[in-house]
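Chemist: Any chance you could fold what I've pasted below:
(2 chains)
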Amino acid sequence: MFDIDKWQEIFATIKKNKMRTFLTGFSVAWGIFMLMILLGAGNGLSNGVANNFMNDAVNAMWIWQGKTTLPYQGMKTGRNIMFYNQDQEIVQKVHGVGVSSGRYFMGNTRYSFGKESGEYTTITCQPHLRDVENLQIEKGRFINEIDIQQNRKVVVIGADIKAALFKDNEAVGEYVNINMVPFKVVGICTEPGSTRNRNAYMPLSTAQMIFNGNNRLHNLALTINANTLEETKAIEEQIRNALGRQHKFDPKDESAIGLYNKLENYIQTMRIFQAIKIFIWIIGIGTLIAGIVGVSNIMLIVVKERTKEIGIRKALGASPASVIGLILLESIMITTLAGYIGLVLGTGLMEMINYFMVQSAGAATATDQSETIFMNPTVDLNIAIYATLLLIVAGAFAGYIPAKRAASIKPIVALRDE
Amino acid sequence: MIKLNNIHKSYVMGNNSLHVLKGIDLQIEQGDFVSIMGSSGSGKSTLLNILGMLDNYDEGSYYLAGTLIQNMSEKKAAQYRNDLVGFVFQSFNLISFKNAMENVALPLYYKGVPRKKRNQIAMEYLEKLGLKDWANHMPNEMSGGQKQRVAIARALISKPKIILADEPTGALDTATSYEVMEILKEINDSGITVIIVTHEHDIAAMTRQIIRLKDGRIHEVIRNGELKEFKKSYMKELVTA
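Modeler: Prediction:
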């Protein structure tokens, strides 16, 4: 393998046939180049969509109240299902549920500070909503447990509300009037993936007390812990069963409660990308095979041309193994070298595209606030290593048949004088 | 040294079978200088190929240096060729992209001799053959005689027991032919068995034993002392022809 002579021989033949070697190498380089670009583009698409999912926790689930459409235990259809505080406890007890937050809707609420005022959406919640919706705290803090326990009149306002009411002034620590009730601003937040931050967050208990909520809930936000589609479905079913027992509705009644399972969507989408990735590999490897067949072809011609030389070597004592080694190494070298050039060019191009994308994205928005379906279109090092190994194997494949033929050359035939 | 018993060889070409050697019995001792003669198609090259383990035989037995050479794997045959036999060809068969020294050193490469050492040995052999100044020349820069001398150096470098030469002078002019024969004679004097195939009577006459093949059989064997006789009959042949 690391025999200088063998390498010298290989270089000697390559040198003698520059054009031929170039054309052979080119087909392999092109194959790998295309594979890298396809993989990079596939990754870019996949990363972009995955990033959009990250606007909320990937494993988020929302449950809202609905109306029954199936008769159950002698009760008619069309019953409204209403959530109360204990429903959150019921859901929280379901195996596989991570954190949860109940939510009570207040409708439009008027916010005012000094002379400025506006109507914004108030979301009443518990501390864990932040985990479910991936809220980013720009300043101050989010709602905490003590706020809930003490029914504190505090509020976390969206960045747009802050900008409208407070302009450039400090907002945290100030009191803002919400439907004429003063609340202390404790934090400013943004929602990732959204260009509008016009929501305000208020402790659920406080809202229920002050704005006649009693123990009513409208909506539950939670996270679930599952790895597979089947697990998420199982958790979903358990939640329907538990709430069905509590509210006496048929667990099979899809309309009694609304349920959005993000993890399910995420897993399904990622499956599609998995399929796309496989598809890309198939196309890429197909292109590569075309290149390899080219190498194989050329090597056959090389063997044909070198018949006499191989005959001489055999007469002088070259074993079949050493002849196979000679041809095989040349083939592996051409494919590996050419493939590596293709690899570098392909990944280089993708990295360049990525660089310019990051540059232009950085100019548009400083944070990850924009919707994108193309992100980080690069191929990671592992894939590149696999591709290199693939090339070596491919080179061996390409050289095998020609090498076999070379080994079977009979010296007397090769040395017969024409 | 070499012992052939009833060697048969036929080539199958499609439906036809060409029976080339029809029972060759032959014994060649260590240090012999033998030429094999015969008209084309008499089987002389086939015989040489079998002697050189480049070809198999169908029937009989062949002992080389006490070893039965039969149904050997290619690897084994390659090893034996490397150890025991040196080849000299009519068309020299040097490797065109290697210089003289590298060509001479090639058999040692297959013996596993390190590069520096084998190049050094190759230089010694080139010097013996008077080609020291041509060591770095490519084959296409040399004359026929020089090329054949390089080929002889290459045949000698692995210290073989036998040199097999297939028409070694076939591509050379008379003066060069005699030079080459002179070299082969010297090699023979050093104790190496030399077997050449030729159809030139004057070349054959320089050897010590002539084996004449006819239709795949040994027609006659003429030994050293009878060479004069041979020359006479050869002259007669020329006259009658």
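
Chemist: What pairs with whichever strand or helix holds B:Tyr63, parallel or antiparallel?
Modeler: Taking DSSP states H and E as the definition, one finds B:Tyr63 inside strand B:59-64. With DSSP bridges as the test, strand B:59-64 is paired with strand B:2-13 (antiparallel), strand B:67-68 (antiparallel).

Chemist: Quick check, central residue of chain A?
Modeler: A:Ala50 (3.6 Å; C-alpha atoms, centre = their mean).

Chemist: So for A:Arg196, which of the strands paired with strand B:59-64 sits nearest?
Modeler: strand B:2-13 (88.7 Å; C-beta to C-beta). C-beta coordinates here come from the backbone N, C-alpha and C atoms, glycine included.

Chemist: List the buried residues in the closest one.
Modeler: For strand B:2-13, the neighbour count (16 or more other C-beta atoms under 10 Å in any protein chain shown) marks B:Ile2, B:Lys3, B:Leu4, B:Ile7, B:Lys9, B:Ser10 as buried.

Chemist: out of these, who's nearest chain A?
Modeler: The closest of these to chain A turns out to be B:Lys9 (C-beta to the nearest C-beta; 11.5 Å).

Chemist: That closest one touches B:Tyr62, doesn't it?
Modeler: No: using C-beta atoms under 8 Å, B:Lys9 makes no contact with B:Tyr62, being 10.7 Å away.

Chemist: who touches both of the two?
Modeler: By C-beta atoms under 8 Å, 6 or more residues apart in numbering or on different chains, B:Lys9 and B:Tyr62 have these common neighbours: B:Ile50.

Chemist: what's the strand holding B:Tyr63 in contact with?
Modeler: B:1-9, B:23-24, B:50-51, B:53, B:68-70, B:80, B:84, B:162.

Chemist: Kindly recompute the last result at 6 Å.
Modeler: The contact list for strand B:59-64 (C-beta atoms under 6 Å, 6 or more residues apart in numbering or on different chains) reads B:Ile2, B:Lys3, B:Leu4, B:Asn5, B:Asn6, B:Ile7, B:His8, B:Ile69.

Chemist: Pick out the most distant pair among those residues.
Modeler: Across these, no pair lies farther apart than B:Ile2 and B:His8, at 17.0 Å, counting by C-beta to C-beta.

Chemist: separation between the residue nearest to the centre of chain A and A:Arg216?
Modeler: Distance, A:Ala50 to A:Arg216, using C-beta to C-beta, to the nearest Å: 36 Å.

Chemist: which of the residues in whichever strand or helix holds B:Ala122 are buried?
Modeler: According to DSSP H and E, B:Ala122 maps onto helix B:115-128. Residues of helix B:115-128 classed as buried by neighbour count (16+ other C-beta under 10 Å): B:Arg118, B:Asn119, B:Ile121, B:Ala122, B:Met123, B:Tyr125, B:Leu126, B:Lys128.

Chemist: What lies in contact with it?
Modeler: Contact with helix B:115-128 is made by B:Met101, B:Val104, B:Ala105, B:Leu108, B:Lys132, B:Ala135, B:Ala153, B:Leu156, B:Ile157, as judged by C-beta under 6 Å, 6+ apart.

Chemist: Inside helices: which ones of those?
Modeler: Those of those mapping onto helices are B:Met101, B:Val104, B:Ala105, B:Leu108, B:Ala153, B:Leu156, per DSSP state H.

Chemist: Filter those residues down to the buried ones.
Modeler: B:Met101, B:Val104, B:Ala105, B:Leu108, B:Ala153, B:Leu156.

Chemist: Low-confidence stretches in chain B?
Modeler: Applying pLDDT under 70 to chain B picks out residues B:224-241.

Chemist: What's the nearest residue in it when you look at chain A?
Modeler: For chain B, the residue closest to chain A is B:Asn82, as judged by C-beta to the nearest C-beta, at 2.6 Å.
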